[in-house]
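Asks: sequence and predicted structure are below.
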Amino acid sequence: MAERKLKIGITGYPVYGGSGVVATELGLELARRGHEIHFITYAQPFRLSRFVENVYYHEVEVPIYPLFEYPPYSLALAVEMQNVTERWGLDLLHVHYAVPHATSAWLAKELLQDRAPKVVTTLHGTDITLVGRDPSYHAITRFSISRSDGLTAVSSYLKGETVERFNVPPERIEVIPNFVDLNHYRRGIEPCHRHQFAEPTEKVVMHISNFRSVKRVTDVVRIFARIARERPARLVFIGDGPERSTTQQVAEEEGIDHRVMYMGKQESVAEILACADVFLLPSASEAFGLVALEAMSCGVPVVASDVGGIPEVVAEPAGILRPVGDVDGMAAAALDLLDESRWDEASAAAREQAATFAADIVVPRYEAYYERILG
Ligand code: GMT
């Protein structure tokens with residue numbers, strides 16, 4: 001339990017992506033530790049489907065008007081942050097993903113003046129490496145993060161990118177990695193659905209993503225095709241997005257489409273992940289790779305790109321990293337990990353490595369950081 005109970009407003013993308021998952025899970029963990037949490041977003045966070053003590057949800061309403069081709073969500077969010085802070089006496093606003101949340105938080109502070117709470121912004125990835133660097137957003141993102149009272153990044157890699165591309169002094173950024181609930185993400189949870197995906201003699205290869213080009217999902221298919229040539233296996237995809245049809249096309253070209261299963265978007269992935277034998281993450285860029293951590297927590301060894309923050313999360317013998325695009329190397333690595341002589345050790349190492357990112361270890365680091373910012 002925390003020593004001082006704080007009132008914290010949390011904003012993130014409620015329905016998509018790892019940054020939204022982290023924002024929601026952090027809020028729930030903090031609430032469990034006795035803090036009062038106010039989610040301020042445009043939709044109910046997708047992992048918040050039941051009543052939880054100490055947790056409140058404030059929906060940001062964005063009125064539409066014929067003049068608005070693009071309704072100004074950032075403004076409506078700033079006003080809701082102001083309202084919630086005034087009404088509930090928030091100590092802190094913690095925003096996840098800088099664009100546009102850090103800007104809305106700065107506006108809320110301006111509106112509140114001497115009643116303003118402290119603002120902490122957590123940088124997650126493309127808010128720095130892609131979207132925030134776009135000339136349309138760079139100046140406002142740089143300004144807004146420089147106005148945040150606290151800045152955290154999910155990996156040392158992302159901190160380095162922020163220092164370099166946004167000219168932020170390194171001492172302004174605290175690296176606090178993402179975390180995982182070891183009790184929820186684990187092997188052996190019932191019911192295990194493995195028989196839904198594969199015959200007992202087949203290996204289950206898995207990938208979860210939003211099928212954006214940065215994930216290189218067609219590499220997943222090509223890696224799998226090479227695995228399937230050597231041993232009986234199935235590929236299970238979870239998630240959906242723009243590259244889905246290209247992926248199906250490549251699976252047909254490789255002659256393995258009958259071995260591929262598309263599960264679409266799933267609210268809860270732990271019980272499916274726990275059925276996997278190896279997880280593939282061949283992304284072009286990844287600030288952290290939360291899904292690799294969740295897989296490892298389920299005792300699933302990972303084959304991933306040696307890029308961005310991934311080496312801070314996945315290390316041998318829990319997984320194997322290969323250069324981006326090295327489809328042959330990743331297939332050989334997956335076959336290595338799937339080998340009966342190696343799998344048990346890799347699986348145990350994956351779980352052990354995931355334990356170093358346990359919520360119980362990481363969440364207190366956020367609490368300590370809040371205390372520092374609040375002075
Ligand atoms: O930046 C994105 O692509 C979106 C973001 C998200 O909301 O899923 O993903 C980033 O944040 C995750 C949670 O911290 C990280 O695990 C992902 O590695 C990171 N994605 C990228 O850097 C591409």
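Replies: Nice, I can see it. Residues are numbered from 1 along each chain as shown.

Asks: now V119, what's its secondary structure?
Replies: strand (DSSP: H, G, I helix; E, B strand; the rest coil).

Asks: that one bridge partners, please.
Replies: Applying DSSP bridges to V119 yields these beta-bridge partners: L93.

Asks: that one is in contact with A105, isn't it?
Replies: Yes: using CB atoms under 8 Å, V119 is in contact with A105, at 4.4 Å. (C-beta placed from N, C-alpha, C; glycine too.)

Asks: burial measure for the nearest residue to V131 once chain neighbours are set aside, as a count.
Replies: Of all residues not flanking V131 in the chain, V99 sits nearest, at 5.2 Å (CB to CB, 6 or more residues apart in numbering). By other CB atoms under 10 Å, the residues close to V99 number 19.

Asks: next, the contact list for V99, please.
Replies: By CB atoms under 8 Å, 6 or more residues apart in numbering, the contact set of V99 is 127, 131-132, 137, 141.

Asks: what is in contact with V119 and A105 at once?
Replies: By CB under 8 Å, 6+ apart, the residues touching both V119 and A105 are 93, 95, 148.

Asks: secondary structure element for the second one?
Replies: This means V95. Using DSSP states H and E, V95 sits in strand 92-96.

Asks: elements contacting that strand?
Replies: Packing contacts for strand 92-96, counted by 3 or more CB pairs under 8 Å, 6 or more residues apart in numbering; DSSP states H and E, involve strand 7-11, helix 17-32, helix 98-112, strand 118-123, helix 359-374.

Asks: which strand or helix spans R142?
Replies: Following DSSP H and E, one finds R142 within helix 138-147.

Asks: right, is that helix up against the ligand?
Replies: No: counting by CB under 6 Å from any ligand atom, the ligand has no neighbours in helix 138-147; the shortest distance is 13.0 Å.

Asks: residues from the chain in reach of the ligand?
Replies: By CB under 6 Å from any ligand atom, the part of the chain that sits against the ligand consists of 13, 17-20, 22, 124-126, 154, 178, 214, 285-290.

Asks: for the stretch 51-200 of the chain, give the residue positioned nearest to the ligand.
Replies: G125 (2.4 Å; CB to the nearest ligand atom).

Asks: got the contact list for that residue?
Replies: G125 touches 18-19, 154, 158, 285-288, 308, counting by CB under 8 Å, 6+ apart.

Asks: sec struct for T218, please.
Replies: Classified using three-state DSSP, T218 is helix.

Asks: what's the closest non-adjacent residue to it?
Replies: Of all residues not flanking T218 in the chain, V250 sits nearest, at 4.7 Å (CB to CB, 6+ apart).

Asks: let me know the secondary structure of that neighbour.
Replies: Following three-state DSSP, we place V250 in the helix state.

Asks: next, count neighbours for it.
Replies: Neighbour count for V250, taken as other CB under 10 Å: 20.

Asks: contacting residues for it?
Replies: By CB under 8 Å, 6+ apart, V250 lies in contact with 218, 221-222.

Asks: looking at these, state which has the most neighbours.
Replies: Ranked by neighbours (other CB under 10 Å), the contacts of V250 are led by V221, which has 26 neighbours.

Asks: next up, phi/psi of the residue lying closest to G289 once chain neighbours are set aside, please.
Replies: Once flanking residues are discounted, G289 sits nearest to I310: 4.8 Å by CB to CB, 6+ apart. Here is the backbone geometry of I310 (degrees, to the nearest 10): phi -60, psi -40.

Asks: what about I310, how many neighbours?
Replies: Neighbours of I310 under the rule other CB under 10 Å: 24.

Asks: from A287, how far out is it?
Replies: For I310, the distance to A287 (CB to CB, to the nearest Å) stands at 9 Å.

Asks: check K215 too.
Replies: Distance, K215 to A287, using CB to CB: 13 Å.

Asks: same check on V324?
Replies: 14 Å.

Asks: cool, and Y57?
Replies: Note on Y57: its distance to A287, by CB to CB, is 27 Å.

Asks: neighbour count: these two, which is higher?
Replies: Neighbour tally, Y57 and A287, criterion other CB under 10 Å: the higher count belongs to A287, 28 against 16.

Asks: which helix or strand contains the more buried one?
Replies: Assigned by DSSP H and E, A287 belongs to no helix or strand.

Asks: show me the contacts for it.
Replies: By CB under 8 Å, 6+ apart, A287 lies in contact with 123-126, 128-129, 153-155, 157-158, 161, 308-309.

Asks: could you list which of those belong to helices?
Replies: Counting by DSSP state H, those place 126, 128-129, 157-158, 161 in helices.

Asks: farthest pair within the residues you listed?
Replies: Taking CB to CB, the two most distant members of the ones in helices among the contacts of A287 are T126 and Y157; they sit 13.1 Å apart.

Asks: quick check: closest non-adjacent residue to E202.
Replies: P232 (4.5 Å).

Asks: state the mean pLDDT of stretch 302-312.
Replies: Regarding stretch 302-312, the rounded mean pLDDT is 98.

Asks: please apply the same query to stretch 87-98.
Replies: Averaging pLDDT along stretch 87-98 gives 98.

Asks: circling back: got the confidence number for the residue nearest to T218?
Replies: Per the predicted model, pLDDT is 98 at V250.

Asks: before we move on, what about C192?
Replies: We note a pLDDT of 68 for C192 in this prediction.

Asks: same check on M1?
Replies: 60.

Asks: got it, and F197?
Replies: Here the pLDDT value assigned to F197 is 87.

Asks: give the contact list for it.
Replies: Contact partners of F197, counting by CB under 8 Å, 6+ apart, are 204, 234, 236, 261, 275.

Asks: what's the answer for V236, then?
Replies: Counted by CB under 8 Å, 6+ apart, V236 has contacts 197, 204-207, 260-261, 263, 272, 275-276.
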